[in-house]
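> Sequence below, structure please.
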Amino acid sequence: MLPVLQGAVMALILGTIAPEGWAATRIPFKEVRLIIEFNASAEDVGVQFFLDSDGWKEVQIYNPSGRQIFEAEATANLLSQGGGTELFVESVEPTLEDLPLEEFYEQFPEGRYRFAGITPAGDRLFGSARFSHDIPAGPDIITPASTPDDCAENVPLPVVISWNEVTTTIDGEPIDVVEYQVLAGDVIDALTTETMLTVPDGLLEEGTSYNFEVLAIAANGNQTITEGCFVTAD
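Down below sits the predicted model:
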């Protein structure tokens, strides 16, 4: 085989030349990430991934061994619009009874996951995200104090949601938690580096039941949810 042709074929195999139009331009995704979301209350686990670009026609994700685990394609009117930009996908979250963590780890091994794609113009998109099995422990809720079977009753306004600082993984190893996210009903979605949040007056109604979640978000992106509920005082 001629050296020039051999080089071109090897470049195609290695992914340095996009199959469509043999475009030489390589454009990095603006952002890619792949994380674990663990629910300490429901004891279930799943993966989430996100990617962003100025426009993609097709995208793929490959695990550390090179096996493709996801593919999406923009067609018809979406492609005419210029393709996709942001894409967020969350997996189904089986309980640990149905999918023990050991099996989950085998399905999604640690390491670097490669994101690839083609733009509507035929240029190649690329990126990678490191995936970790280090999962933060669930935040231990202090107030409002509820149990899995009973909501906290007659909680006065303004409601203070507080929890203990998370410093370890679900296996008891040290971990760096960079922030917490608090979700309450359809009215609260807040990020904080503190271990408490006072819900501003006027957002919650008296004599009303609310479910809430506190998420511990680690530096590696993995996050763990603890659920709770309360009923505001009349």
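> I'd like the distance between the residue positioned nearest the centre of the chain and Y113.
Central residue of the chain (Cα atoms, centre = their mean): Q48, 3.7 Å from the mean position. Q48 sits 12 Å away from Y113, going by Cβ to Cβ, to the nearest Å. C-betas here are computed from N, CA, C, even on glycine.
> hang on, the earlier thing: check which helices and strands the helix or strand that the residue nearest to the centre of the chain is a member of is in contact with.
Assigned by DSSP states H and E, Q48 falls within strand 44-52. In this structure, strand 44-52 packs against strand 31-39, strand 87-90, with contacts taken as 3 or more Cβ pairs under 8 Å, 6 or more residues apart in numbering; DSSP states H and E.
> Out of the ones you listed, which is closest to V199?
V199 sits nearest to strand 31-39 of all the helices and strands packed on strand 44-52, at 22.1 Å, using Cβ to Cβ.
> quick one, what contacts E153?
Applying Cβ atoms under 8 Å, 6 or more residues apart in numbering, we find E153 in contact with F230, V231.
> can you confirm it is in a strand?
Yes: the assignment for E153 by DSSP: H, G, I helix; E, B strand; the rest coil puts it in a strand.
> mind checking which helix or strand of this structure has the lowest mean pLDDT?
helix 3-14 (a mean of 42; mean pLDDT, DSSP states H and E).
> The residue nearest to the centre of the chain bridge partners, please.
On the basis of DSSP bridges, Q48 is bridged to I35, E90.
> My read is that it contacts V32, right?
No: using Cβ atoms under 8 Å, Q48 is not in contact with V32, being 12.0 Å away.
> From R33, how far out is the residue nearest to the centre of the chain?
For Q48, the distance to R33 - Cβ to Cβ - is 8 Å.
> Where does pLDDT dip in the protein?
Applying pLDDT under 70 to the chain flags the ranges 1-24.
> ok, now with 50
Residues of the chain that meet the criterion pLDDT under 50 lie in 1-18, 20-21, 23.
> mind giving me the domain split of it?
Structural domains annotated on the chain: 3-131, 141-232, as defined by automatic domain parsing.
> circling back to that earlier point, what do Q48 and Y113 both touch?
L34.
> Quick check: the gap between the residue nearest to the centre of the chain and T192.
The value you get for Q48 to T192, if Cβ to Cβ is used, is 21 Å.
> now I69
According to Cβ to Cβ, I69 and T192 sit 33 Å apart.
> Just the buried residues of stretch 214-229, please?
For stretch 214-229, the neighbour count (16 or more other Cβ atoms under 10 Å) marks 214-218, 220-229 as buried.
> And it, how far out from the chain middle?
11 Å (Cα atoms, centre = their mean, to the nearest Å).
> Check the separation of the first and last residues in it.
Stretch 214-229 has an end-to-end distance of 11 Å (Cα to Cα, to the nearest Å).
> repeat for stretch 218-234
37 Å.
> W56 pairs with what?
Under the criterion used (DSSP bridges), W56 bridges to G84.
> one step back: and among the helices and strands packed on strand 44-52, the most buried is which?
Ranked by mean neighbour count under mean count of other Cβ atoms under 10 Å, those are led by strand 31-39, which reaches a mean of 21.
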